[in-house]
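*Asks:* Can you look at this prediction? I've put the sequence above it.
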Amino acid sequence: MKTLSKWISLLLFCATAQYASAGEPWQDALGQMPLAAGVTELNRTNCVPLMLDAFQSNGVVKALIFMPGATDELYFFGRAHAALTNAAPSLLDAVTALTNQTHIQATFQPPLLLLHTTEDSLDEIATVKNKSTAAKLHQRLVPGRVLFNDADWGDVRATLKGKLSIGLRPFENDTETWHFYRHDFAACGVTDWEMLETLALAGKTTFTVNWRTAEFQPDRREGVAPKLETFQAR
């Protein structure tokens with residue numbers, strides 16, 4: 001019996017340790033982030049800035065990213081509207097409203113929370129040509145809070161120039177950047193590598209890590225358009 005009790009205690013200890021190491025669920029983290037007061041609907045005018053402004057530093061979710069499919073639903077198609085029924089809604093309420101009432105979906109790829117549609121590719125493509133540079137990118141944290149709302153590549157490069165330990169290419173006047181999507185995300189506490197991932201996911205690009213530079217290229221993959229019979233434009 002003593003042996004059995006020891007085994008049970010060991011299993012309980014392991015289960016508790018595993019739960020603790022898993023950390024706080026991302027939903028709990030977003031539930032503690034209030035939206036601006038008086039918001040009753042998310043639409044093409046207020047959705048992105050409201051949600052990005054509400055995102056706060058925490059130990060679970062390091063970035064909130066609107067991928068191109070999600071911003072297309074808001075700005076290009078204009079069919080994403082979501083009602084908020086709570087008197088004091090949180091960022092979690094906003095994410096839940098979008099996923100329940102629009103084609104936008106939420107996927108947590110620790111530590112990045114992606115808002116996307118079926119048109120988006122959730123696995124970024126990264127090529128490493130300089131391993132020592134890549135290793136350093138995984139170790140260094142980007143200082144401060146970074147927020148981009150409808151920002152083009154030129155604004156992104158200018159803002160991140162003093163924050164990253166690596167140079168970003170192409171330059172803003174390169175014709176290749178015409179195929180980059182505009183960037184919408186908030187990030188805090190990400191590593192340099194996670195920032196590169198965030199840029200790729202937000203701008204629909206891939207990147208190659210060279211010595212002291214990261215070269216971005218358009219991501220040519222095409223996803224599946226959302227089925228329109230469920231949510232209609234209004």
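*Replies:* Yep, it's here.

*Asks:* element containing the spatially most central residue of the chain?
*Replies:* The centre of the chain sits closest to I65, judged by CA atoms, centre = their mean, with a distance of 2.7 Å. Using DSSP states H and E, I65 sits in strand 63-66.

*Asks:* mind checking how far the residue nearest to the centre of the chain is from T213?
*Replies:* Distance of I65 to T213, given as CB to CB, to the nearest Å: 23 Å. In this view, the C-beta of every residue, glycine as well, is placed from N, C-alpha and C.

*Asks:* again, but for L42
*Replies:* Counting by CB to CB - L42 and T213 are separated by 38 Å.

*Asks:* Among those two, which residue is more densely surrounded?
*Replies:* When L42 and T213 are compared for neighbours, L42 comes out ahead with 27 against 15, by other CB atoms under 10 Å.

*Asks:* burial of the closest residue in space to that one that isn't next to it in sequence, as a residue count?
*Replies:* Spatial nearest neighbour of L42, chain neighbours left out: A82 (4.4 Å); criterion: CB to CB, 6 or more residues apart in numbering. A82 has 20 neighbouring residues, counting by other CB under 10 Å.

*Asks:* OK, contacts around A82?
*Replies:* Contact analysis of A82 by CB atoms under 8 Å, 6 or more residues apart in numbering lists 41-43, 47, 94, 97-98, 100-102.

*Asks:* Give me the buried entries from those residues.
*Replies:* 42, 47, 94, 97-98, 101-102 (16 or more other CB atoms under 10 Å).

*Asks:* Just the ones in helices from those, please.
*Replies:* Within the buried ones among the contacts of A82, residues falling in helices by DSSP state H are 47, 94, 97-98, 101.

*Asks:* Now do the buried residues in stretch 173-189.
*Replies:* Buried residues in stretch 173-189 (16+ other CB under 10 Å): 177, 180-189.

*Asks:* same question, stretch 199-216
*Replies:* In stretch 199-216, counting by 16+ other CB under 10 Å, buried: 199-210, 214-216.

*Asks:* Now flag whichever of the residues you listed is closest to W193.
*Replies:* Nearest to W193 among those, counting by CB to CB, is V209 at 8.5 Å.

*Asks:* Quick one: mean pLDDT over the strand holding I65.
*Replies:* When pLDDT is averaged over strand 63-66, the result is 98.
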